[in-house]
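> Generate coordinates for the sequence data below:
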Amino acid sequence: MAAWDGAADQARRENTADTVKNTEGINAMDSTYHRFTELFQQLGLAADARSIQHFLEHHSPLHPSIRLENAPFWSQAQSALLRDELLLDADWAEVVDQLNAALRGSKGK
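Numbering: from 1, shown residues only. I've put the predicted structure just below:
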């Protein structure tokens, strides 16, 4: 893992915070749209904003050669959930893509 200088680390933290904020409470009426918090709940992880931010900071950046579902920090069940949602292009796929982008330090789409 590359060492981060202070400016890059701060930018990554701000991006992580933006990702968490931008997924809270969006389009709650649309049952096919899932929020970051719901994905974290499905993964069996703490789903409050602070816990999500900590998770993203702790596990970022995910090396480009590692597929999201193969990251070493997932359990087998978590990995299978992520893989299935992406393969099936299920209604969870968009938020899984957002998680992937957040773990790679990208703002996404």
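
> okay, CA-based contacts and neighbour counts for the rest of this
Fine.

> can you pull the pLDDT of G105?
pLDDT for G105: 82.

> what's the distance between the closest residue to T37 other than its chain neighbours and E38?
Excluding its sequence neighbours, the residue lying closest to T37 (CA to CA, 6 or more residues apart in numbering) is A47, at 4.8 Å. A47 is 7 Å from E38, where distance means CA to CA, to the nearest Å.

> Check the contact between H63 and G105; I expect there is one.
No - the pair H63 / G105 is not scored as a contact, 10.2 Å apart, by CA atoms under 8 Å.

> So those two - more neighbours on which side?
Between H63 and G105, counted using other CA atoms under 10 Å, the more crowded position is G105 (20 against 13).

> From L81, how far out is the more buried one?
Using CA to CA, G105 is found at 22 Å from L81.

> now do H63
20 Å.

> And for L62?
L62 sits 18 Å away from L81, going by CA to CA.

> Next: F55.
18 Å.

> How about R67?
Applying CA to CA to R67 and L81 gives a distance of 14 Å.

> Give the residue from those two that has the larger number of neighbours.
For R67 versus L81, the count of surrounding residues by other CA under 10 Å is larger for L81: 18 against 11.

> and the helix or strand where the more buried one lies, what other elements does it pack with?
Using DSSP states H and E, L81 sits in helix 76-87. Secondary-structure packing of helix 76-87 (3 or more CA pairs under 8 Å, 6 or more residues apart in numbering; DSSP states H and E): helix 93-103.

> Give me the angle between the helix it packs on and helix 76-87.
120 degrees (axes from the mean of the first three to the mean of the last three CA atoms, to 10 degrees).

> And A71, its phi and psi?
The phi and psi values for A71, taken as degrees, to the nearest 10, are phi -60, psi 140.

> show me where the protein has helices.
6-22, 36-42, 49-59, 76-87, 93-103 (DSSP state H).

> just these: most buried one?
Highest mean neighbour count of the helices of the chain: helix 93-103, a mean of 20 (counted as mean count of other CA atoms under 10 Å).

> Quick one: list the elements packing against that helix.
Partner elements for helix 93-103 (3+ CA pairs under 8 Å, 6+ apart): helix 6-22, helix 36-42, helix 49-59, helix 76-87.
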